[in-house]
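Undergrad: model the following, please.
(one chain, ligands or ions: 2)
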Amino acid sequence: MDNFLNTPIEYVKGVGAERGKVLREEIGLATRWDLLNYFPFRFVDRSKYNSVRELAGFINAPVQIKGTISSMREIGHGRGKRLTAKFQDETGTVDLVWFRGGKWVKNKLKPGVLFRVYGKPKLFGSTLNITHPEIVPFHQVAQEKGLQPVYNSTEKLTKKGLNSKGIEKLTYPLAHAMREHIPEVLPQSLIEQYKLVSRAKAYFNMHVPSSDQAIQQALFRIKFEELFFLQLELLLKKGKTKTKSPGYVFERTGKYFDDFYKNYIPFELTSAQKRVVKEIRVDLKSGKHMNRLLQGDVGSGKTLVALLSMLFAIGNDFQAALMAPTEILAQQHHETLSELLEPLGLQVVLLTGSTKKKERAVIHEGLLNGSTSIIVGTHALLEPIVQFKNLGFVVIDEQHRFGVAQRAKLWRKNKRPPHVLVMTATPIPRTLAMTFYGDLDVSTIDELPPGRKPVTTKHFYESNRLKAFQLIREEIAKGRQVYIVYPLIEESEKMDYNNLMEGYEAITKMFPRPTYQVSIVHGKMKPDDKEFEMQQFAKGNTQLMVATTVIEVGVNVPNATVMMIESAEKFGLSQLHQLRGRVGRGADQSFCVLMTGNKVSKEGKKRLQTMVATNDGFKIAEVDLEIRGPGDIMGTQQSGVLNLKLADLARDGQIVTLARNAAKQMMQEDPTFKKPEHQMLRNELKRIIQSKPNWSKIA
Ligand code: ADP
Ligand code: MG
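TA: Numbers count the residues shown, from 1 in each chain. Ligands and ions are numbered 1, 2, ... in the order given. Below is the predicted model:
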């Protein structure tokens, strides 16, 4: 980057020390290049005019009209004093109003002269007016360009004269002066292949566009470049991690796998499960460290894949561990695996926070001397005291609940890091997976086991609560069971608890003993009590389970056919989807009932509609990404990695794909960017990488 672009913002014409300070503090602009990268968030077409008659349809939206002043008058006193002008075109009349600067305006506004007026109509009682409009004699506008950029500003900036218009006064001359200082960084071949406009032209058109098409081309070019470099970074990093970490080689499938697969597997694998098991098998033979993300919707059968993978390890004289985010989930996994592996003579050990001290010592010993080959646990597995003889394979369930640092601890449990399979039931949209896990291999189970009936989802407003209860009664009459879940808002545990208890009381009144039995589970209960209540429900001794989201993950009661979610508008999409996954596990038709108050926000409505419309976890993930944005979903908002200037991972999926293909092609042709035509690209990539915070924070 040359000196021109690196010039401190204060020295840019029209800025100076005072404004420079505010620009730095308010919107983080430190140099001329930063200013160039401060893009407008939209453009107003100043060549188009509205008619006065249609203004009622544009309340609070910017409009532009052309016409004359027919009369003016000053009214009111003191603070209410104002100047009003009747402005008319051939279709009607609208009031223009000034509370300040009336004198100056009065001198400027000659009746009969043609003016252009720009502003936002507002409704005052029943009359429409435009307060403090921008007004210019029409003969002066004729020369102006058509599309005007609109920049975000702040109160402090506006005080220094840097509202949108003021910022435009800085970017407009800069856009004209910068052209020779913006060299091309992408090779000609890419520019031709993807029909990109030059970098200089793109930056010019982002601030001074000549047409809609020019804006579109500029946007495409800048987004493409941004995503292309991001993908190059990821591919480089992937290359590095691949060559850096050798992994244990599991030569054979092993006797445990073979025996289980031939004799004891409870059902035929779906073709998606088969494909994923093969992918894992290939990794384990490769001699390289496996770091694989397994994503599959709720109920897609990830546990069985995990189990088969762990058998590969055990059959090659390694130990395997499965780590779950909650105690209940760990217990369930422990039960499932124990049952399945019993015929093989394999004992599965469980280690959680509530494992008794004496028992712990025995477990630690078994892991260290190798007599235990398979263990299931919670965070307790991460403690330094937990040492293995030869840990070779780690499965982490529900990946998003573990921090990266925690995972790193697991890696250090053997001389070489054990192979890692991270399982998540919250599918990550393709574009996001490509971007974030460019350096992690991704396997996807995109198929549910046969015979599942899709869950029917219904949304009820509070006023229809009795209908929801009717559905519950009918299901219980058929011998089925019901979950009723209350939201858990961390800020106020006490309130949650009260809500839950009130709910519990209401439910026991609606569903009284002895006909109905109601279980309750929440975060404040002792693990033993929780376990007892869960067991009561799992055994079918109670028909209703009132709970907070502690049951969100993992619980498996196939006889439960109704999931009723209270205050459903308070839940995020992926959480709703997870909860819904608790039903629909048996052969019967299941229902998800979303209860909400009568008032629901726009976003809340979108979430509910999405839930009603689809059971497809991937579709839900896409909508979630749209609503929340990628930083929030990946928990990386603070890391700066997502400081994309223009590209939006949610909306620009197609460009992500193109950029990824282009980056792959580049890495094949010239992996070290040695060719002379790639020199600019190499410099730019270096600059980008150096300017970024630590990448290793991710994945
Ligand atoms: P998740 O991917 O949500 O962890 P699970 O592994 O808990 O899903 O599997 C959900 C249910 O589907 C379990 O009851 C499991 O036994 C069953 N299941 C798994 N694979 C198959 C299969 N290939 N055919 C039939 N049922 C299966
Ligand atoms: Mg699971």
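Undergrad: need the pLDDT of the closest residue to ligand 1 within the stretch 351-500 of the chain.
TA: In the stretch 351-500 of the chain, the residue that lies nearest ligand 1 is residue 449 (3.3 Å; CB to the nearest ligand atom). Placement of C-beta: from N, CA and C, glycine included. For residue 449, the pLDDT comes out at 88.
Undergrad: same check on residue 210?
TA: pLDDT recorded at residue 210 is 85.
Undergrad: I'd say it and residue 175 touch.
TA: No: counting by CB atoms under 8 Å, residue 210 does not reach residue 175; the two are 11.8 Å apart.
Undergrad: higher neighbour count, those two?
TA: With other CB atoms under 10 Å as the criterion, residue 210 and residue 175 differ in neighbour count, and residue 175 comes out ahead with 21 against 12.
Undergrad: around ligand 1, pick out the residues from this structure.
TA: Within the chain, the positions lying close to ligand 1 (CB under 6 Å from any ligand atom) are 267, 269-270, 273, 296, 298-304, 425, 449, 556, 585.
Undergrad: ok, now with 8 Å
TA: Proximity of the chain to ligand 1, by CB under 8 Å from any ligand atom, involves residues 266-270, 273, 296-306, 336, 397, 423, 425, 445, 449-451, 554, 556, 558, 581, 585.
Undergrad: derive a PyMOL selection command for the buried subset of these.
TA: Those of the residues of the chain next to ligand 1 that count as buried under 16 or more other CB atoms under 10 Å are selected in PyMOL with:
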select buried, resi 269+270+273+296+297+298+299+300+301+302+303+304+305+306+336+397+423+425+445+449+554+581+585
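Undergrad: for residue 123, name its beta-bridge partners.
TA: Applying DSSP bridges to residue 123 yields these beta-bridge partners: residue 128.
Undergrad: from here on, count from 3
TA: Done: numbering now begins at 3, and the last item shifts to residue 125.
Undergrad: report the separation between it and residue 34.
TA: Here residue 125 is placed at a distance of 43 Å from residue 34 (CB to CB, to the nearest Å).
Undergrad: neighbour count: those two, which is higher?
TA: Just comparing residue 125 and residue 34: by other CB under 10 Å the higher neighbour count belongs to residue 34, 25 against 11.
Undergrad: what sits against that one?
TA: Residue 34 makes contact with 6, 7, 8, 9, 11, 14, 176, 180 under the criterion CB atoms under 8 Å, 6 or more residues apart in numbering.
Undergrad: what's the distance between the second one and ligand 1?
TA: To ligand 1, residue 7 is 51 Å away according to CB to the nearest ligand atom, to the nearest Å.
Undergrad: name the SS class of that residue, please.
TA: helix (DSSP: H, G, I helix; E, B strand; the rest coil).
Undergrad: model confidence score at it, please.
TA: 90.
Undergrad: how about it: what's its closest non-neighbour residue?
TA: Leaving aside its sequence neighbours, residue 7 sits nearest to residue 35 (CB to CB, 6 or more residues apart in numbering; 4.1 Å).
Undergrad: how about residue 73?
TA: Looking at residue 73 with CB to CB, 6+ apart, the closest residue is residue 88, at 4.9 Å.
Undergrad: show me what the helix or strand harbouring the one you found is packed up against.
TA: Assessed by DSSP states H and E, residue 88 sits inside strand 84-91. Under the contact definition 3 or more CB pairs under 8 Å, 6 or more residues apart in numbering; DSSP states H and E, strand 84-91 sits against strand 65-77, strand 94-100, helix 104-110.
Undergrad: tell me the buried residues in the longest one?
TA: Under the neighbour-count criterion of 16+ other CB under 10 Å, strand 65-77 has 65, 66, 67, 68, 69, 70, 71, 74 buried.
Undergrad: go on, the second one?
TA: Of the residues in strand 94-100, those buried by neighbour count under the rule 16+ other CB under 10 Å are 94, 96, 97, 98, 99, 100.
Undergrad: how close does the residue in the stretch 3-152 of the chain that ligand 1 sits nearest to get to residue 153?
TA: Closest to ligand 1 within the stretch 3-152 of the chain is residue 43: 40.6 Å, counting by CB to the nearest ligand atom. According to CB to CB, residue 43 and residue 153 sit 7 Å apart.
Undergrad: of the two, give the one with the bigger neighbour count.
TA: Ranked by neighbour count (other CB under 10 Å), residue 43 and residue 153 place residue 153 first, with 21 against 9.
Undergrad: now tell me what touches stretch 462-469 from outside.
TA: The contact list for stretch 462-469 (CB under 8 Å, 6+ apart) reads 470, 595, 596, 597, 598, 599, 600.
Undergrad: and that stretch, end to end?
TA: 8 Å (CA to CA, to the nearest Å).
Undergrad: do the same with stretch 290-299
TA: From its first residue to its last, stretch 290-299 covers 28 Å (CA to CA).
Undergrad: care to break the chain down by domain?
TA: Following automatic domain parsing, one finds the domains of the chain at 3-47+150-184, 49-146, 257-447, 458-616.
Undergrad: and the third one, how far out from the chain middle?
TA: With CA atoms, centre = their mean, to the nearest Å as the basis, domain 257-447 stands 26 Å off its chain's centre.
Undergrad: in the stretch 153-302 of the chain, what residue comes closest to ligand 1?
TA: In the stretch 153-302 of the chain, no residue comes nearer to ligand 1 than residue 269, which is 3.8 Å away by CB to the nearest ligand atom.
Undergrad: now that residue, nearest residue through space, not along the chain?
TA: With CB to CB, 6+ apart as the criterion, residue 269 has its nearest non-adjacent residue at 7.0 Å, and that residue is residue 451.
Undergrad: would you mind measuring from the one you found to residue 278?
TA: Residue 451 sits 14 Å away from residue 278, going by CB to CB.
Undergrad: before we move on, what about residue 621?
TA: Taken as CB to CB, the span from residue 621 to residue 278 is 21 Å.
Undergrad: and the two? Which one has more around it.
TA: Comparing residue 621 with residue 278 by other CB under 10 Å, the one with more neighbours is residue 278, at 27 against 15.
Undergrad: flag the shaky bits of the stretch 503-652 of the chain, pLDDT-wise.
TA: Regions of the stretch 503-652 of the chain meeting the criterion pLDDT under 70 cover residues 552-557, 631-645, 652.
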